[in-house]
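Novice: what follows is a protein structure lacking sequence information:
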């Protein structure tokens, strides 16, 4: 039985499958879908609930793989698109979760930000904690949790910049808060950026995840295409569609 290259829900929504092996299925998560427990009913776009329902229903994409289990290993903000790893078994979930907790996973993002960033490279180590004024909003807080992000400026033009971000820790909204702290909030960020009359997609995309397979002890690199994202933010697409091809100017 041929395996579809997309997860297709009964309502026709599709999530592109960008990598699959014995333990992992990785998708290119669209913006707007929340990584939340299945019992979280405050959104009609609960990704985990939708996946579990589709697997339990025996939809073709899952049935062709004999899938009985599928759960996200790490989280992406609802407004962030890109690489999301899903475990195909409880054992894979446990082993991969340990990799993330021990910080043995490399994560790379692209962000389009306000202003022309002066530094070619910089590191932000400002601790992050919850803001008391609004639930779900984070802020720089000396009493908060350790947070570290490596940044590299890839392009600058017309009052905005294209930045590569590599978070070494996994605090909520870490990249968004650290870029706001640098004075360059992400474009179209409804929480940490400028208020905009018309809602546009947050200019943040998870483009690459690299780790060592805990079972087969081999390196795994999962990437998504980024040319469309780069062009949509008004930047030049250089040398292909991978983030590694983008060079600072």
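Specialist: Noted; the coordinates are in hand. Computed from a predicted model, the values in this text were never measured in an experiment.

Novice: low-confidence ranges in the protein?
Specialist: Residues of the chain meeting the criterion pLDDT under 70: 1, 40-43, 195, 197-198, 240-249.

Novice: and the strands in it?
Specialist: Under the criterion DSSP state E, the chain contains strands at 6-8, 14-20, 24-29, 71-72, 81-87, 106-114, 121-124, 128-130, 138-140, 149-157, 160-167, 204-212, 219-223.

Novice: run the chain-centre distance for the third one.
Specialist: Right, the one you point to is strand 24-29. 11 Å (C-alpha atoms, centre = their mean, to the nearest Å).

Novice: and residue 89, how many residues sit next to it?
Specialist: Residues contacting residue 89 under the criterion other C-beta atoms under 10 Å number 16. Where you see a C-beta, it was placed from the backbone N, CA and C, and this is true even at glycine.

Novice: and the closest residue to it other than its chain neighbours, how close does it get to residue 104?
Specialist: Nearest non-adjacent residue to residue 89, counting by C-beta to C-beta, 6 or more residues apart in numbering: residue 69, 5.5 Å away. As judged by C-beta to C-beta, to the nearest Å, residue 69 and residue 104 stand 23 Å apart.

Novice: now swap in residue 39 and tell me
Specialist: For residue 39, the distance to residue 104 - C-beta to C-beta - is 30 Å.

Novice: more neighbours: the two, which one.
Specialist: A direct count of neighbours by other C-beta under 10 Å for residue 39 and residue 104 places residue 104 higher, at 12 against 8.

Novice: got the strands of the chain as TSV, with mean neighbour count and distance to residue 93 columns?
Specialist: Output for those, formatted as TSV (neighbours: other C-beta atoms under 10 Å; distance: least, C-beta to C-beta, whole Å):
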stretch	mean neighbour count	distance to residue 93
strand 6-8	17	17
strand 14-20	17	15
strand 24-29	23	10
strand 71-72	18	6
strand 81-87	24	4
strand 106-114	23	18
strand 121-124	14	30
strand 128-130	19	26
strand 138-140	19	26
strand 149-157	20	26
strand 160-167	22	21
strand 204-212	22	14
strand 219-223	16	16
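
Novice: residue 232: which of these is closest?
Specialist: Closest to residue 232 of the strands of the chain is strand 106-114 (C-beta to C-beta; 8.6 Å).

Novice: by contact count, what packs against the closest one?
Specialist: strand 160-167, helix 174-181, strand 204-212 (3 or more C-beta pairs under 8 Å, 6 or more residues apart in numbering; DSSP states H and E).

Novice: tell me what angle it forms with strand 81-87.
Specialist: Note on geometry: by axes from the mean of the first three to the mean of the last three C-alpha atoms, to 10 degrees, strand 106-114 and strand 81-87 are set 160 degrees apart in direction.
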